[in-house]
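# pasting the sequence and the predicted coordinates here, then a few questions.
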Amino acid sequence: MSDDQVLLGQLETDILNYDAAAAVKTAQAIVASGMDIPSAIDCASAAIQQIGQRFQVGDIFLPELMLAGETMKQCMNTFTPHLSAKGSIKRKGKVVIGAVAGDIHDIGKNLVATMLSVNGFEVVDLGVGVQPLKLVDTALNENAQIIALSALMTTSMPYQRDTVALLEEMGLRDKFFVVVGGGPVTGEFAREIHADGWGTTAVSAVRVCERLLESAQRPPAVELVVEK
Ligand code: B12
């Protein structure tokens, strides 16, 4: 087994043991080793998915879920400053992002915001539990081109729909592209709510936003832009 594999295996074990101190130490060792940071983030994401499955089947409970969430968050805080900025200073466009109302999950949303930012987008991050009106208001005030919505729960997904509907009601649907994502969000759902883009990862979120702005069409997109 290579040194990289040993470190990634250790990271997985630390997250599965909800051991934040150990996980941060391992994450720091990964950074120091010069390993590819996105691969390490993929490994951490796979471990936290396992935690989610254990929670779902009742093998672990809320306290463990919270410890694992905190462990993951601290790992991401260690990794994200080392995701290097690419491209020129010229900004590609402005994105207003938030985890929708009713949803406090922000690890994935933060990762999407970071990846957009290091790939040349200006990002206005409204945090978690963001109401549709706040998203739309901010996009207007900030003169953004894209509204990106993260939902990690089936119970918060309706707020993605509400945000698109609000844009339609306010006569602003032709001002902003709406990109949706998060664990339970499917392409079918994105299409159904008339979103413009859907991505399954932070990297795909960047590609979706790039494709929408490169397309030179005005919102709403003729066809849902998908990146898996
Ligand atoms: C960590 C975690 C927590 C932590 C969150 C810490 C934090 N600061 O975020 C804590 C402990 C606080 C938590 C709380 C709860 N949680 Co929770 N949690 C998780 C867990 C295990 C991991 C989520 C995560 O961080 N994944 C890692 C990141 C990197 O991945 P990601 O978020 O999916 O994001 C990636 C992609 O989805 C995509 N993406 C994300 N957003 C966007 C946006 C756009 C525009 C695009 C294009 C892409 C994109 O890119 C990201 C990076 O690649 C999930 C399990 C799971 N399978 O998701 C459950 C899970 C989401 N939680 C769940 C539940 C039920 C809860 C609670 C209700 C528990 C409770 N009884 O209180 C509360 C929710 C409170 C609330 N109102 O929001 C359920 C949701 C079930 C459902 N209804 O759909 C899950 C699925 C667990 C399960 N299997 O049962 N949770």
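Arrived safely.

# so what's residue 97 bridging to?
Assessed by DSSP bridges, residue 97 has beta-bridge partners residue 125, residue 148.

# now the longest helix along the chain: buried residues?
In the chain, ranked by residue count with DSSP state H as the criterion, the top helix is helix 37-56. Residues 37, 40, 41, 43, 44, 45, 47, 48, 51, 54 are the ones in helix 37-56 that count as buried (16 or more other CB atoms under 10 Å). From N, CA and C alone the C-beta is placed, and that goes for glycine too.

# try stretch 5-12
Under the neighbour-count rule (16+ other CB under 10 Å), stretch 5-12 has 7, 8, 10, 11, 12 buried.

# if we take the residues you listed, which one ends up nearest to residue 127?
Of all the buried residues of stretch 5-12, the one sitting nearest residue 127 is residue 11; the distance, using CB to CB, is 26.6 Å.

# low-confidence ranges in this structure?
Within the chain, the set of residues satisfying pLDDT under 70 comprises 86-90.

# does whatever helix or strand residue 71 lives in reach the ligand?
With elements taken from DSSP states H and E, the one containing residue 71 is helix 62-79. Yes. Contact of helix 62-79 with the ligand is found when judged by CB under 6 Å from any ligand atom, involving 62, 65, 66, 69, 72, 73.

# tell me the contacts of the residue nearest to residue 109 when sequence neighbours are not counted?
Once its chain neighbours are removed from consideration, residue 109 has its nearest residue in residue 150; the separation is 3.9 Å (CB to CB, 6 or more residues apart in numbering). Counting by CB atoms under 8 Å, 6 or more residues apart in numbering, residue 150 touches 97-100, 103, 105-106, 108-109, 112, 180-182.

# what do you get if the cut-off is 10 Å, keeping everything else the same?
97-100, 103, 105-113, 128, 130, 156, 160, 179-183, 185, 205 (CB atoms under 10 Å, 6 or more residues apart in numbering).

# out of the residues you listed, which sit inside helices?
Mapping these onto helices (DSSP H) picks out 107, 108, 109, 110, 111, 112, 113, 160, 205.

# tally of neighbours for the fourth one?
Residues near residue 110, counting by other CB atoms under 10 Å, number 21.

# wait, it sits on residue 77?
Yes. Counting by CB atoms under 10 Å, a contact exists between residue 110 and residue 77, whose distance comes to 8.9 Å.

# before we move on, back to that, now the helix holding residue 71, how far from the centre of its chain.
Mean C-alpha position of helix 62-79 versus that of the full chain (CA atoms, centre = their mean, to the nearest Å) differs by 15 Å.

# in that helix, what counts as buried?
Of the residues in helix 62-79, those with enough neighbours to count as buried (16+ other CB under 10 Å) are 65, 67, 68, 69, 71, 72, 75, 76, 78, 79.

# rewinding a little: please go through the buried residues of helix 37-56 and note which also touch the ligand.
Restricting these to those adjacent to the ligand (criterion: CB under 6 Å from any ligand atom) gives 45, 48, 51.

# what's near enough to touch the first one?
In other words, residue 45. Remark: with contacts taken as CB under 10 Å, 6+ apart, residue 45 is in contact with 15, 72, 75, 76, 107, 108, 111, 201, 202.

# tell me the one of those residues nearest the ligand?
Lowest distance from the ligand to the contacts of residue 45 (CB to the nearest ligand atom) belongs to residue 108, with 2.0 Å.
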